[in-house]
Each structure stands twice: as C-alpha cells, then as structure tokens.
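>>> give me a 3D structure for the following:
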Amino acid sequence: MAPVSVDHLRQRKGAFRIALIPPEVLEALNEGLLETVNLNEFMALELPRLARSVAGQLGLDPESERLVDTLAMLSAFKPMQRHGHIARALYDLTALHVERDAVAHRLATHPSDVARSWATQWVTLSGLPLPAQLQAVRRFAADAHFGVREMAWMAVREAIIASLDEALVLLAPWAADADPNIRRFASELTRPRGVWCAQIERLKAEPWLGLPLLEPLRADPSRYVQNSVANWLNDASRTQPEWVEQTCARWLDEGRGVPQTAYIVRRALRTLDKR
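Got it, this is the predicted structure:
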C-alpha cells in the first residue's frame, strides 16, 4: 500500500474547538503521521490508537501483552500520566528488541510530536548520569515543536534537582548557544517554581545561584528566551523579592536603553508590582 500523503495538512490552522477538527486531520494525528498544532488537537488524540500505530511503525508488536495491558488501564490515570505509562511500555518493549538503538532513533525522529515527547521520557528512564542525560535530551530541547521542547526540560527536571551544582555548571554553555531553543531550555529547566513540575527549593531560597545562566540572557534577542528569564525571576520574587528587585535594578542600570532587558524586568516584577 502506498504511504498516505499528509503534506497538504501541515500548514493548517488549528481548530479552536475539538469538535471542529476535520476528520482527515484527526485520522492523520491518530495514525502518527502528523504533528499537533494546538492543545485542542493534542486533547483530541485517541492515545490507545496512536500508541499502537507508533509501536508498529517502530517495529514493535502493537498487540504485545505489555502494551495492551498498559492501554487498558489508561483511563485510571490523569491525562499527562497516561503519556508516561505509554512511554514506559514502549521503553520496556524496546529493551527486548534486537535493534534497540534503531528503534530508539525511529521514536526520537518520529513524525508525531507526541511520539517524540514519549522519547524524551526515555531519557528519564535511562538511569544515565546527568551529563549523559543532558546530552541525550539536547535534540529534544532543540525540537521544532513546542510540545516536545516542554517535555524535554520536564524529562530531566528531577535529575538536575538532585545534582543542582553540577547542572548549573553543565548548563552554562547552553545559555550561550546560538539556538534560542537551547538557551531557553537552560532557563526554563532551572526555574525555581516552574509549571506542573517539582520545585527547586535551593533556587527558591538562593536564586542568585542561577545568575551564571541568567546574566548571559538578560538582553537576549529572542522573545521566547526573554519570557522564560522573566518567569524565572518572577518565580524567585515570591521567596526572595528584595534580591529580584536589586537584580532588576542593576540590569536596567547596566543596560540603559536596552529594550530586551526592559521587557524582561517589566515582566519579572509583575507579581511584586501588585503588592
């Protein structure tokens, strides 16, 4: 059978309601042929079907007991937890495969952003030391899809909390990388509070430890990076407001007339300004 072409669907605008997603788009998404373009498409996915499709495309058995049992219990878990269970099932099946590296590569480069997000969670499951985990997650931190990039930093969040001093040293070159996605990863990964993730208690108490990552980004040309740095400081302002105010004042003084810095500072102080 000739492969189905979905090229004509790639430049679509995402539907603003799940009910308005065209059947052709939903079919391609569930077959793992297409990336989601918004949250509605992500929420509309039939995860059991997508998981079986992806398994088959990887060269795994979509009807294996390990995967079937996992898919049967998905409804018992919260939506994001379901993805973790699928990722673990595919990881376990791949561990038994004679071409494990090839299977892993196919998942990491899969056309579906959701499948690639599952691959980010393999980094967590690998048990590798922190430097190797960061090396493995880098390709996902630079992924073209926003959803994969979010899953990338969450995949190594616990590891950097456990080895924060080492992580801050290892991430310093990332903050100076030419790719804004990589620079943003260094900031977003180390946010003291973050969203839907474990908090970093040491950075809540001592946010100045993160300055080696933040200083190179205080006038970053990318709005994507600017927002992350501002959110980092806003997180810190909840526990160390005076330090954040002093840091922002210094940045403004040292970078007079720099609009990027002014934007970061304005957003960083938004919680404090409401006091």
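
>>> any low-confidence regions in the protein?
1-3, 275 (pLDDT under 70).

>>> mind listing what the residue nearest to the spatial centre of it touches?
Ranked by distance to the mean C-alpha position of the chain (C-alpha atoms, centre = their mean), the top residue is Glu150 at 1.7 Å. Contact analysis of Glu150 by C-beta atoms under 8 Å, 6 or more residues apart in numbering lists nothing. The C-beta positions use only the backbone N, C-alpha and C, and glycine is treated the same way.

>>> which residues does Phe140 contact?
When contacts are counted by C-beta under 8 Å, 6+ apart, Phe140 is found next to Ala108, Arg116, Ala119, Thr120, Val123, Val148, Arg149, Met151, Ala152, Ala155.

>>> if we go to 6 Å?
If you count contacts by C-beta atoms under 6 Å, 6 or more residues apart in numbering, Phe140 has them with Thr120, Val148, Ala152.

>>> what about the helix or strand hosting it, distance to the chain center?
Here Phe140, judged by DSSP states H and E, is contained in helix 130-141. Remark: helix 130-141 is offset 12 Å from the chain centroid, using C-alpha atoms, centre = their mean, to the nearest Å.

>>> just the C-alpha atoms of that helix, please, in PDB.
Coordinates of each C-alpha in helix 130-141 appear next as PDB, following Å, rounded to 0.1, in the frame of the first residue of the first chain:
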ATOM      1  CA  LEU A 130      23.400  13.800  34.500                       C
ATOM      2  CA  PRO A 131      25.900  14.800  31.800                       C
ATOM      3  CA  ALA A 132      24.700  11.900  29.600                       C
ATOM      4  CA  GLN A 133      21.100  12.800  30.200                       C
ATOM      5  CA  LEU A 134      21.600  16.300  29.100                       C
ATOM      6  CA  GLN A 135      23.400  15.100  26.000                       C
ATOM      7  CA  ALA A 136      20.500  12.800  25.200                       C
ATOM      8  CA  VAL A 137      17.800  15.400  25.800                       C
ATOM      9  CA  ARG A 138      19.500  18.100  23.700                       C
ATOM     10  CA  ARG A 139      17.900  17.100  20.400                       C
ATOM     11  CA  PHE A 140      14.500  17.400  22.000                       C
ATOM     12  CA  ALA A 141      15.300  20.700  23.600                       C
END
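
>>> in that helix, what counts as buried?
Buried residues in helix 130-141, defined by neighbour count with 16 or more other C-beta atoms under 10 Å: Leu130, Gln133, Leu134, Ala136, Val137, Arg138, Phe140, Ala141.

>>> could you do stretch 65-73 as well?
Neighbour counts over stretch 65-73 (16+ other C-beta under 10 Å) mark Leu67, Thr70, Leu71 as buried.

>>> how about JSON lines for the residues you listed, with distance to Gln246 added?
Formatted as JSON lines, those follow (distance: C-beta to C-beta, whole Å):
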{"residue": "Leu67", "distance to Gln246": "53"}
{"residue": "Thr70", "distance to Gln246": "50"}
{"residue": "Leu71", "distance to Gln246": "53"}
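
>>> circling back to that earlier point, list the ones among the contacts of Phe140 that fall in helices.
Using DSSP state H to define helices, the subset of these located there is Thr120, Val148, Ala152.

>>> now render these as CSV, adding distance to Ile160 and neighbour count.
Conversion of the ones in helices among the contacts of Phe140 to CSV gives the following (distance: C-beta to C-beta, whole Å; neighbours: other C-beta atoms under 10 Å):
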residue, distance to Ile160, neighbour count
Thr120, 14, 28
Val148, 18, 24
Ala152, 12, 27
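
>>> closest to Met43 out of those residues?
Out of these, the one with the shortest distance to Met43 is Val148. That distance is 16.7 Å, counting by C-beta to C-beta.

>>> give the contact list for that closest one.
In this structure, Val148 makes contact with Asp113, Arg116, Ser117, Phe140, judged by C-beta under 6 Å, 6+ apart.

>>> sorry, back to before: now the helix or strand hosting the residue nearest to the centre of the chain: buried residues?
Secondary-structure element containing Glu150, defined by DSSP H and E: helix 146-155. With burial defined by 16+ other C-beta under 10 Å, the residues of helix 146-155 counted as buried are Gly147, Val148, Arg149, Glu150, Met151, Ala152, Trp153, Met154, Ala155.

>>> ok, stretch 206-221 next?
Using 16+ other C-beta under 10 Å as the test for burial, stretch 206-221 gives Glu206, Pro207, Leu209, Gly210, Leu213, Leu214, Pro216, Leu217, Arg218, Ala219, Asp220.
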